[in-house]
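K.L.:
what follows is a protein structure lacking sequence information:
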């Protein structure tokens, strides 16, 4: 059926679904990390791979997304050896597997046997919360990290941290009055999921001039304003180390958030997926800080509800595509926990190979074990590579006119502020684009480097930023940005 | 803080979240497949594995869930060999891998290289819709199956079929008036997800006495009743082959559904995850039937919106834990498609190893290729094993007093009807349980066989059923059911 514009008024639309009658909350949700710029970058990549010579660059650099293995980060050998045995357990019965040429050490084989004895097959559904043996390893890891006990029954394995965040927001948001405090700038999963749930995002601004720290007053002010506007604020999201900011919170910062949570009865959602990507100081988990405070103070913190998220996608592991993750529940009402269990069981179970990878991540080879030395070498090599590239990028930003960047403390990102000339702002307006989006689009077209405009994460009014990962190898692409920026500033002077 | 009952009226609850203030739609959702019986069965399994001799059985049979590899179904060698190389690509450079003892044939190695060349690493995020090369293979599979073209851009790889179903229901349901026609009995994913979305489940009853066929009049009557009650019915779910019924729809049945969809503007959600588990007649996809009708009739079917779901979890593949799946969109408005893309991109990407498994499933070894013979032998072995066990179970049910079962046509389940003595119904009422739940619980306690009461799937008033898979090997457990049933009937005579 062909419907011409003039007949639209009288002829009913041919289909059931159209943009104006689907779930309106999906329409409202925004997710810039995989938006227009990412789609355009992928088009360029395909053109280059087909031999297109008309572009002013010879490679696309996906600095828009923390996807280390797309950018040539090699997986850690021990992890992948065990996973290969889990996928093909027949190898465990081949004497050749132990031959040195394949590189499988005895601890690799032992670990594969241990995991298989419990999960039976990575092709079988596991327990909805994740395989018990794996949750036990995660609990051990948390105990060792924090110095406080952890219970496997409080742990839920997930398909990456994203699905865990979605689960918790689904439980917490009970209607259009519900609200959740979200840091600005933030990873857009939070705002997007709150849009989907028709709940209120209650933004609190991070302090750019204090290395993107968390300001207790900013949180209290946002909370008070939202509550007086009738929003039932129920939770606070903290991303530590920060995405997109790269900031790492001090124990004092964490205490300030827990104080507010205890006083105001807010669920704390601690996104701690970058916990091993800390360059300055040491990572402190919200769980550890909470347990310390509970020891110090007899009642104030007793009933704080905390959920902490972790992932196999980040850190030195970088196994995004395997979709491993977990969350730990602390202080939740058992009846609420039962509902969370039912909710996750509707999705059956998280990917079992991703669960197994989580086990390997939290329980890597120990000193004296045959795979230890190689594991350490690979792990530290990735770590120092990331730190070096973060610094190189930071130094380049410091030399660029109109660019200000906080020193990198952790995570995988830098989030520099831009001061653009008025003519650039006008040119953006003429294209009906935000100025940071205009800048990032020109950068992509000129250099093949794909970054994400600050507006995709939220930023204070009248400020402009962009987020770039520091994952791409080499420094050539940093120089591409430097040259582009200088040309751009000259053009719009 | 300790709150005693008497102070509850004056002291506010200590936590933010409690059972009465979380998302009420999560509380309402029901999901029996992993409910009380499944939890109890797992407890028995753990007790037996710890050497408990006090139970009247020596093994637990999980006949409650279609989880073939938990029940000793062996994975197909070709699939797992390729996946092991994808997890550990270093093996591709070892001359030993080609040595006959490990069993890797040249086509296994070639396929791993082809997939890796495209996805780069199974640890990298892929395109949100799934890797393009894999969607191309799925499109080829659909073309070959149906004899009509398929476009990789219309395909979305998913983490099992469940996540695809959830995506589509999220898009379709636009508020509390929205409704979706769901067959009764059904797989409870549908009712659970509609509860979560606060949308209306509009049930239509399948015809038990016509081998659980789909009755067009029943659909039209339900639709009319729901619309006159103010429900905006937007879609119809069809599960073919049926879960829990095991029924397989004829091309005529499918046409009847497509007629209703075309006339009443309903999105057709075709759950076709059991498409290779067909024992009687041949599987016809909704897409094929729709394309045939579109060729025959110039306008009526032009704008039918169809989404079809498939999975790596069922069929002869049975790789539930790998979480592979896809859906194909047919006839959707491009603006709606763009929203679906944005929605799935918030979850980043489906598990990449599951995507690769999907590629292997739809593009298995062909005649003349080195892995073909073994693949065929394994595939056909699983197929005939399933069919034999289905028949053995069916025959056992035919001999049981008060049990009536339709002949198995497909899927992995039988759904026999029970007629229980009045005393059994009274005993169930005394325990405040539905009679079928009471029966299934007694069966589990007496035999270790875990099945799901019909009430978990929906059934006509005053009828009782249970669902059992026919996946467990051997016939011992069937005899356990026969003996239990006879004792049960005698006890409550």
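P.N.:
That came in fine, so what should we check first? Only a predicted model underlies this, so the values are computations on that prediction, with no experimental measurement involved.
K.L.:
what does the stretch 251-400 of chain A have sitting close to chain B?
P.N.:
A:265-267, A:299, A:302-303, A:305, A:313, A:318-323, A:331-333, A:335-336, A:339, A:342-343, A:345-354 (CB under 8 Å from any CB of the partner chain). All C-beta spots, glycine's among them, are computed from the backbone N, C-alpha and C.
K.L.:
narrow those to those in strands?
P.N.:
Using DSSP state E, the members of these that fall within strands are residue A:267.
K.L.:
which of the residues of the stretch 251-400 of chain A next to chain B count as buried?
P.N.:
For those, a neighbour count by 16 or more other CB atoms under 10 Å in any protein chain shown gives the buried set as A:265-267, A:303, A:305, A:313, A:318-323, A:331-333, A:336, A:339, A:342-343, A:345-354.
K.L.:
among those, name the ones in helices.
P.N.:
A:336, A:339, A:342, A:343, A:345, A:346, A:352, A:353, A:354 (DSSP state H).
K.L.:
most widely separated two among these?
P.N.:
Across these, the longest distance by CB to CB is 30.0 Å; it joins A:336 and A:353.
K.L.:
which residues in the stretch 351-493 of chain A form helices?
P.N.:
Here the stretch 351-493 of chain A has its helices, by DSSP state H, counting those that start in this stretch, at A:352-362, A:372-398, A:422-430, A:435-447, A:476-491.
K.L.:
return the most buried member of those helices.
P.N.:
helix A:352-362 (a mean of 28; mean count of other CB atoms under 10 Å in any protein chain shown).
K.L.:
re earlier: got the helices of the stretch 351-493 of chain A as JSON lines, with distance to residue B:489 and mean pLDDT columns?
P.N.:
Formatted as JSON lines, those follow (distance: least, CB to CB, whole Å; pLDDT from 0 to 100):
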{"stretch": "helix A:352-362", "distance to residue B:489": "40", "mean pLDDT": "97"}
{"stretch": "helix A:372-398", "distance to residue B:489": "61", "mean pLDDT": "92"}
{"stretch": "helix A:422-430", "distance to residue B:489": "79", "mean pLDDT": "95"}
{"stretch": "helix A:435-447", "distance to residue B:489": "72", "mean pLDDT": "95"}
{"stretch": "helix A:476-491", "distance to residue B:489": "75", "mean pLDDT": "93"}
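K.L.:
out of these, nearest to residue A:17?
P.N.:
helix A:435-447 (29.0 Å).
K.L.:
now the closest one against helix A:476-491, angle please.
P.N.:
On the basis of axes from the mean of the first three to the mean of the last three CA atoms, to 10 degrees, helix A:435-447 is oriented at 120 degrees to helix A:476-491.
K.L.:
not counting its neighbours along the chain, what's nearest residue A:180?
P.N.:
residue A:235 (4.6 Å; CB to CB, 6 or more residues apart in numbering or on different chains).
K.L.:
okay, now the one you found: neighbour count?
P.N.:
26 (other CB atoms under 10 Å in any protein chain shown).
K.L.:
what does it show for phi and psi?
P.N.:
phi -160, psi 160 (degrees, to the nearest 10).
K.L.:
if it is in a bridge, with which residues?
P.N.:
residue A:180, residue A:267 (DSSP bridges).
K.L.:
wait, it touches residue A:190, no?
P.N.:
No: if you go by CB atoms under 8 Å, residue A:235 and residue A:190 don't touch, sitting 10.3 Å apart.
K.L.:
now do the shared contacts for those two.
P.N.:
residue A:180 (CB atoms under 8 Å, 6 or more residues apart in numbering or on different chains).
K.L.:
out of everything not next to it in sequence, what's closest to the residue of the stretch 201-350 of chain A found nearest chain B?
P.N.:
Minimum separation of the stretch 201-350 of chain A from chain B (CB to the nearest CB) falls at residue A:321, amounting to 3.5 Å. Nearest residue to residue A:321 in three dimensions, chain neighbours excluded: residue B:352, at 3.5 Å (CB to CB, 6+ apart).
K.L.:
how near is the one you found to residue B:127?
P.N.:
10 Å (CB to CB, to the nearest Å).
K.L.:
if we can go back for a sec, list the contacts of the residue nearest to residue A:180.
P.N.:
Residue A:235 neighbours (CB under 8 Å, 6+ apart): A:168, A:172, A:180, A:181, A:266, A:267, A:268, A:269, B:16.
K.L.:
what do you get if the cut-off is 6 Å, keeping everything else the same?
P.N.:
A:172, A:180, A:266, A:267, A:269 (CB atoms under 6 Å, 6 or more residues apart in numbering or on different chains).
K.L.:
checking the closest residue to residue A:308 other than its chain neighbours next. Helix, strand or coil?
P.N.:
Nearest non-adjacent residue to residue A:308, counting by CB to CB, 6+ apart: residue A:270, 4.5 Å away. For residue A:270, the secondary structure call by DSSP: H, G, I helix; E, B strand; the rest coil comes out as strand.
K.L.:
around residue A:270, how many other residues sit close by?
P.N.:
Residue A:270: 28 neighbours (other CB under 10 Å).
K.L.:
over to the one 10 residues further on?
P.N.:
Residues within reach of residue A:280, counting by other CB under 10 Å, total 13.
K.L.:
give me the pLDDT for it.
P.N.:
With respect to pLDDT, residue A:280 has a value of 81.
K.L.:
residues touching the residue nearest to it when sequence neighbours are not counted, list them.
P.N.:
Spatial nearest neighbour of residue A:280, excluding adjacent residues (CB to CB, 6+ apart): residue A:409 at 4.2 Å. Contacts for residue A:409 (CB under 6 Å, 6+ apart) come out as A:246, A:247, A:248, A:279, A:280.
K.L.:
from those, keep the buried residues only.
P.N.:
Here, 16+ other CB under 10 Å leaves A:246, A:247, A:248, A:279 buried among the contacts of residue A:409.
K.L.:
pull the contacting residues for residue A:401.
P.N.:
By CB under 6 Å, 6+ apart, the neighbours of residue A:401 are residue A:489.
K.L.:
check the gap between it and residue A:174 for me.
P.N.:
Distance from residue A:401 to residue A:174, by CB to CB: 49 Å.
K.L.:
helix or strand for residue A:222, which one?
P.N.:
If you go by DSSP states H and E, residue A:222 is part of helix A:216-228.
K.L.:
which elements pack onto that helix?
P.N.:
strand A:200-205, strand A:232-239 (3 or more CB pairs under 6 Å, 6 or more residues apart in numbering or on different chains; DSSP states H and E).
K.L.:
how does chain A divide into domains?
P.N.:
A:26-60+A:377-492, A:77-114+A:369-375, A:125-362 (the TED database).
K.L.:
can you tell me the distance between the two ends of the shortest one?
P.N.:
Length of domain A:77-114+A:369-375, first residue to last, CA to CA, to the nearest Å: 7 Å.
K.L.:
distance between it and the chain's centre?
P.N.:
30 Å (CA atoms, centre = their mean, to the nearest Å).
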